[in-house]
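> What follows is a predicted protein model with its sequence.
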Amino acid sequence: MSGLGPVYISAKCRVARTDLRQLISWGGGELANIARVAAVVVGEFCHVGDSNTPHFVADKWILDSVQHNMIMPFLDYPLE
């Protein structure tokens, strides 16, 4: 997960937020505490101001990325 940019994990995820944050950390990824600075927002759509638009993905994106040991395509994990 390194080189991806900051990842924000929403409290609205189905999987426990602390578990997802730990997976990102173990994978060498960077975590964001607020969505507006994130490159990827997991679990919800949210307003991020005028910054670059992040990728919005379902929490399964993290699980599959860890399982396959590679960053999975964002478009395959749309929010429902």
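That came in fine, so what should we check first?
> Report the separation between the spatially most central residue of the chain and Gly5.
What sits nearest the mean C-alpha location of the chain, by Cα atoms, centre = their mean, is Val42, with 3.9 Å. Val42 sits 13 Å away from Gly5, going by Cβ to Cβ, to the nearest Å. No exception for glycine: its C-beta is placed from N, CA and C like everyone else's.
> same thing with Glu44?
Taken as Cβ to Cβ, the span from Glu44 to Gly5 is 18 Å.
> got it, and Ala32?
For Ala32, the distance to Gly5 equals 9 Å [Cβ to Cβ].
> between the two, what contacts are shared?
Taking Cβ atoms under 8 Å, 6 or more residues apart in numbering as the criterion, Ala32 and Gly5 both touch Ala38.
> Just the element for Leu4, please.
For Leu4, there is no host helix or strand (DSSP states H and E).
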